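1. below are the sequence and a predicted model; questions follow.
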Amino acid sequence: MNSANVSSGKMNNKLKDVKTISTINPATEEIIKEYNLITKDEVIDLARKSKKAFKEWRKDYKKRTGYLYAFANEFKKERERLAKVATMEMGKTIKEARSEIDKCAWAVEYFADNGGMFLHDEVINTDARKSIVTFEPLGVIASLMPWNFPYWQALRFAAPSLIAGNTIILKPSSVTMQCGLEMERIFEKIGLPDYVFRTVIASGTEAGYLIDSEDVSAVTFTGSVPIGAKVAQHATSRLKKIVLELGGSDPFIVCEDADIDKASSGAVKGRFINCGQSCIASKRFIVVKNVATQFIEKFIEKTEKLKVGDPLSDETDIGPMVNKEAIDSIDEMVKKSIKEGAELATGGQRYGKENGGSDRGFFYKPTILKNVTPNMEVAREETFGPIAPVIVVEDEQEALEIANDTKFGLGASVWTQNLNKAEKYSKLLQAGIVTVNNVVISDPRVPFGGIKNSGFGRELSKHGMFEFVNIKSIRFYDQLVHQHYVE
């Protein structure tokens, strides 16, 4: 996910040698707020206090569920305020921001409802009189999160980890600092014990101090591959558990028997959600040639109906990209693809005053590229923006081969009316998540995560919860067993 290495604060920090980060509204390019970075001593002190809070927090499961229910309730009450903060900081449309709030509340309630069942001791039949497996919290978890879904990314990890008994120190992206602080504020408002959940205003340097702390037990990171590799190297050099979610280049396979109307609607939703700035957005559209013309025509028609503009308006479908660096990168990718032989089907330019938009903000028209080949950069790298490259293939076997020919392995979607075929193809696809006849979405009830350069470990469901617990085996014997000859 490219989100981690895009920081509106970097530009400001280059201009003045002070320990601050500024957030910028991507729709207006106006500075929202300036924040002071946490110091190294403050990081060390915070980790120590969080470790102390952990000793009490882990003791009472029922109290933990009560706090999470209270948080979800308050989060829903403040839906409009929280949604507006996200829209102002990173540019997603207000209707998408509201949906993010709703999904967060659902996830928090889900783990409050089911955490006890997930964490219940397992009894196993062995040669011992009694054998059980228990699930115990690890301690303080450092959470390094991106900007594109500032509440969801943080809370989909935090809810199961808190229910399990861990405490959390969140470092939000420098783009969405206020979103991070809003979560901390609501936890404080419901009376969560001090230092169980804290947000830090930090850059990569201060995050490094957090990883170094002897009081931090594990790390979770969502972001780009290069930074994720560095964070993993840092954490594992300290022998700390880490989960990485690094995004992908998800294939969207349209089979020859697909419902083209549904597939084309899914393509619009799957590619242009959050202005294309989603790790599980559909990013490579692989279409069998027998239905390619029909699919592309409908895809273009529906894409051109999307309204680009003020993200605070309920009528808007596509808001601005997160910052200048992001829009410059996308524009360069489109131009390079055309030079390599791709054909511009629609979009392909900034949305400014000259074509009906504003003279401020980082707006880009939803873009579809035809005649894309698998070797083009737009089909091999993660395109974090509103570009949809369409690759036409001879048959479904070739579609599967191209889908798997990637360094990423997060999600994939298959569109076909033959469910037996869909099941076969789903098992052949090299991805952590496969969806048939719908776009890939995360769900608190099922595990989320990828393979290859998309990272390792899982979030959500009981499997995500178990990433940050000690799975402890305990065996009770009546007498010493003498027959053991190996460890």
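-> Looks like it came in fine. Numbering: from 1, shown residues only.

2. where does this protein dip in pLDDT?
-> Residues of the chain meeting the criterion pLDDT under 70: 1-18, 353-357, 482, 484-485.

3. how is it divided into domains?
-> Domain assignment for the chain by automatic domain parsing gives 2-246+454-473, 250-436.

4. starting at the chain centroid, how far to the last one?
-> Yep, that's domain 250-436 we're talking about. In terms of Cα atoms, centre = their mean, to the nearest Å, the centre of domain 250-436 is set 18 Å apart from its chain centre.

5. my read: S282 touches S249, true?
-> No. Contact between S282 and S249 fails when scored by Cβ atoms under 8 Å: they sit 9.6 Å apart. (Each C-beta comes from the backbone N, C-alpha and C, glycine too.)

6. for the helix of greatest length in the chain, name the packing helices and strands.
-> With secondary structure taken from DSSP state H, the chain has its longest helix at helix 94-119. On a contact count with 3 or more Cβ pairs under 8 Å, 6 or more residues apart in numbering; DSSP states H and E, helix 94-119 meets helix 61-77, helix 79-90, helix 152-164, helix 461-466.

7. buried set for that helix?
-> When neighbours are counted by 16 or more other Cβ atoms under 10 Å, the buried residues of helix 94-119 are found to be 94, 96-98, 100-101, 103-105, 107-112, 114-115, 118-119.

8. contacting residues for the most centrally placed residue in the chain?
-> Central residue of the chain (Cα atoms, centre = their mean): Q153, 5.2 Å from the mean position. Q153 makes contacts with 145-146, 222, as judged by Cβ atoms under 8 Å, 6 or more residues apart in numbering.

9. circling back to that earlier point, I'd like the domains of the chain as a markdown table, with distance to F448 appended.
-> Listed next are the domains of the chain as a markdown table, based on distance: least, Cβ to Cβ, whole Å:
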| stretch | distance to F448 |
| --- | --- |
| domain 2-246+454-473 | 5 |
| domain 250-436 | 7 |
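
10. relative to Q483, which of the ones you listed is closest?
-> For those, the distance to Q483 is smallest for domain 2-246+454-473, at 9.4 Å, taking Cβ to Cβ.

11. chain center to that closest one: distance?
-> Distance, stretch centre to chain centre, for domain 2-246+454-473: 12 Å (Cα atoms, centre = their mean).

12. roughly how far does D395 sit from L119?
-> D395 sits 48 Å away from L119, going by Cβ to Cβ, to the nearest Å.

13. returning to that earlier point: name the residues that touch the helix or strand following the longest helix of the chain?
-> Proceeding N to C from helix 94-119, the next assigned helix or strand is strand 122-124, under DSSP states H and E. Residues outside strand 122-124 that contact it (Cβ under 8 Å, 6+ apart): 130-133.

14. which of the residues you listed are buried?
-> S131.

15. distance to A399 added to the contacts of strand 122-124, as a markdown table?
-> Below are these laid out as a markdown table (distance: Cβ to Cβ, whole Å):
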| residue | distance to A399 |
| --- | --- |
| K130 | 53 |
| S131 | 48 |
| I132 | 47 |
| V133 | 42 |
